[in-house]
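>>> sequence? don't have it. structure:
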């Protein structure tokens, strides 16, 4: 396994990984396939990801196994949360790994890169949102010293999702 910081030319890999991993993780929650496909097309398209990769507050990493891209992470620097009263906050927006590679510790290695960069940026806290029913992810973050800090909702098409926000002190 090796991990690189992603560049604009990696947008197609991230778009494809995003589509596959999102559908693997959340696809079964959608009663309307069109809602899911619309979300995937809107969220994980190459032009949008190229734009996101070029924003100075966004940092992406790609994880490779046997030269195949199998996961990615995204950190957003200077990303305030309604649940945290601090000006030096960043957000772990995504850690997605293809299901077939979850047992290799790729998520842990991606998180390590994210936390190193967040600390180097002098962020005091890092926060994230996780689907309340995603116990695997919640256990992963709890094991890595993230604590629940609040709840919020998210709507995709006709589907309503309940999330919990979690945070970790970096200093």
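Yep, that arrived. All values derive from a computational prediction rather than experimental measurement. Numbering: from 1, shown residues only.

>>> any chance you could map the strands in the chain?
Ranges of strands in the chain, per DSSP state E, are 2-5, 58-65, 68-76, 89-97, 125-131, 147-156, 159-169.

>>> Any chance of JSON lines for those strands, columns mean neighbour count and mean pLDDT?
From N, CA and C alone the C-beta is placed, and that goes for glycine too. Output for the strands of the chain, formatted as JSON lines (neighbours: other CB atoms under 10 Å; pLDDT from 0 to 100):
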{"stretch": "strand 2-5", "mean neighbour count": "12", "mean pLDDT": "98"}
{"stretch": "strand 58-65", "mean neighbour count": "20", "mean pLDDT": "98"}
{"stretch": "strand 68-76", "mean neighbour count": "21", "mean pLDDT": "98"}
{"stretch": "strand 89-97", "mean neighbour count": "23", "mean pLDDT": "97"}
{"stretch": "strand 125-131", "mean neighbour count": "21", "mean pLDDT": "96"}
{"stretch": "strand 147-156", "mean neighbour count": "13", "mean pLDDT": "94"}
{"stretch": "strand 159-169", "mean neighbour count": "17", "mean pLDDT": "95"}
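
>>> Looking at strand pairing, list the partners for the most centrally placed residue in the chain.
By CA atoms, centre = their mean, the chain has its centre lying nearest to residue 94, at 0.4 Å. Bridge pairing for residue 94 (DSSP bridges) gives the partners residue 74.

>>> For it, give its distance to residue 114.
Distance, residue 94 to residue 114, by CB to CB, to the nearest Å: 10 Å.

>>> ok, now residue 97?
From residue 97 to residue 114 the distance is 13 Å (CB to CB).

>>> next one: residue 29
According to CB to CB, residue 29 and residue 114 sit 25 Å apart.
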